[in-house]
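Peer 1: got a sequence here, can you model it:
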Amino acid sequence: MVKQVGVIVDNDFQSDNRVRREVKILREQGFRVHVLCYGYPDKTYPPFEGIEIHRIRIPRRLKDLLFLINNTLPVHDRLWTRFITRLIHANAIDVLHVHDLYMSQPAHRAIQRSGRTIPMILDLHENYPYAVQSYNWTKGWLRHFLSKPESWLEKEARYLKYADKIIVLSKYFSRSLQDKYDFIQENRICIYPNVIDFKRYEAFSVDPKVKRSPRETLLYFGAVAERRGIFDTIEILKKCTKENIDVELLIIGPVDRADRSRFFKSIQQEEIRERITYIPWIKLSQLVTYMHISDICLSPIHKNPQHESGVANKIFQYMYGKKPIIASNCLPQEELIQAFNCGLIYSNAEEYFDSVKKLYANPELRKRLGNNGFLQLHARMDNRNYSNALVSIYRELL
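Peer 2: Here you go, the predicted structure:
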């Protein structure tokens, strides 16, 4: 009999490449997958082949508000508990795959209400108790009071205990959880990093209509936020301009709401505004084009317990694009980049600038580092190996 998997994710699924990749793996292994997610009134959603998608229709602002106040008034949790319970009953769900720590309790309560014995897999996209404290939407006395971010340090153990299996991004995060909690044994954890699907990327092609700049181009791809180093990067661009290092900065990604005012003011500074191009969003298929017209790729995320939980997806994307990487010294990305010899690591602003200066002046080094990353990505980070590990935890539970 075909097993029914309920995937629970508190976004619209469409833009979550990690969840989409995992769902595709499960479908290919013969599971019937039901995704419970949000649907925003201002968006239309194409079907996802072979997947049943069940959407909770809600305005984006209301969704954000409910999440903000959840630790004070848990309407968000109650909403999700009700919808997950319905999903279980309507589709005879055999296992729940729940994404992000804060969704663990609503899923656990839904299982209890369903009256069924259903295992839960908890997929940790980040080190949430620390991540939430760095988010600007929790800052300011009122937001901090309503969101109570520090409470997640106390809640973490209880939420982890609800899960039968836990998926993490890296060996480092796995070790840290096992060291922290004696109830988490190695056989309870599966490591599934943000590797890319080679077959999917191989279908993408470079758009010849998008032209290179005459300047050397630094690419910042992904969510735009203070905690991700965007303002550090803008300061580096200003220093490059003052020292006649002829580079420009291409920024692609959505800006965190709490950082929007500062960001748009920063990129309009007179000395750099002609050297910055900002694109709010692109299709994933367009990324190969923008990497093609770039020379150096950046991952300047701030060093903190959250960013030490795993390697960002864009690191693997940069490697696929054969581009040299300049990255901060967050341990997982530092270890990977040094092991693969595919970029430079910095620990402060001076080293960040020196790294840009070094790669700007040395095209051969850029090429060598970029090629190293591409070759090592294919040799050591094949998605199929991690797919087998993911499927194996399902086989154990079912």
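
Peer 1: wait, is residue 97 part of a strand?
Peer 2: Yes - Residue 97: assigned to a strand according to DSSP: H, G, I helix; E, B strand; the rest coil.

Peer 1: now it, which residues is it bridged with?
Peer 2: residue 7, residue 121 (DSSP bridges).

Peer 1: isn't it up against residue 107?
Peer 2: No - using CB atoms under 8 Å, residue 97 is not in contact with residue 107; the gap is 9.4 Å. C-beta here means a position set from N, CA and C on the backbone, and glycine is covered the same way.

Peer 1: what touches both of these two?
Peer 2: residue 8 (CB atoms under 8 Å, 6 or more residues apart in numbering).

Peer 1: quick check: residue 366 touching residue 359?
Peer 2: Yes - contact criterion CB under 8 Å: residue 366 and residue 359 qualify, at 5.3 Å.

Peer 1: need the overlap of contacts for these two.
Peer 2: In contact with both residue 366 and residue 359: 295, 296, 324, using CB under 8 Å, 6+ apart.

Peer 1: go through those and name the one nearest residue 219.
Peer 2: Proximity of those to residue 219 was ranked by CB to CB; the top entry is residue 296 with 7.1 Å.

Peer 1: start and end of stretch 106-120, how far apart?
Peer 2: 12 Å (CA to CA, to the nearest Å).

Peer 1: what are the buried residues along that stretch?
Peer 2: Within stretch 106-120, the residues scored as buried using 16 or more other CB atoms under 10 Å are 106, 107, 108, 109, 110, 111, 114, 118, 119, 120.

Peer 1: do the same with stretch 322-331
Peer 2: 322, 323, 324, 325, 326, 327, 328, 330.

Peer 1: how about the closest residue to the third one other than its chain neighbours, phi and psi?
Peer 2: To tie it back to what came earlier, the one meant is residue 324. Spatial nearest neighbour of residue 324, chain neighbours left out: residue 369 (3.8 Å); criterion: CB to CB, 6 or more residues apart in numbering. When quoted as degrees, to the nearest 10, the phi and psi of residue 369 stand at phi -60, psi -40.

Peer 1: cool, residue 298 as well?
Peer 2: phi -120, psi 140.

Peer 1: for the residue found closest to it once you drop the neighbours it is linked to in the chain, give me its contacts.
Peer 2: Leaving aside its sequence neighbours, residue 298 sits nearest to residue 220 (CB to CB, 6+ apart; 4.9 Å). Neighbouring residues of residue 220 by CB under 8 Å, 6+ apart: 230, 233, 249, 250, 251, 252, 253, 298, 300.

Peer 1: select from those the one having the most neighbours.
Peer 2: residue 298 (31 neighbours; other CB atoms under 10 Å).

Peer 1: per-residue pLDDT, that one?
Peer 2: With respect to pLDDT, residue 298 scores 98.

Peer 1: so it sits against residue 323, correct?
Peer 2: No - with contact taken as CB under 8 Å, residue 298 and residue 323 are classed as non-touching, separated by 9.8 Å.

Peer 1: how far off centre is stretch 5-13?
Peer 2: Taking CA atoms, centre = their mean, to the nearest Å, the mean C-alpha location of stretch 5-13 is offset from the chain mean by 15 Å.

Peer 1: what sits up against it?
Peer 2: Against stretch 5-13 from outside (CB under 8 Å, 6+ apart): 16, 19-20, 22-23, 26, 31-40, 43, 45, 48, 53, 55, 67, 80, 84, 87-88, 91, 93-100, 102-103, 107, 394.
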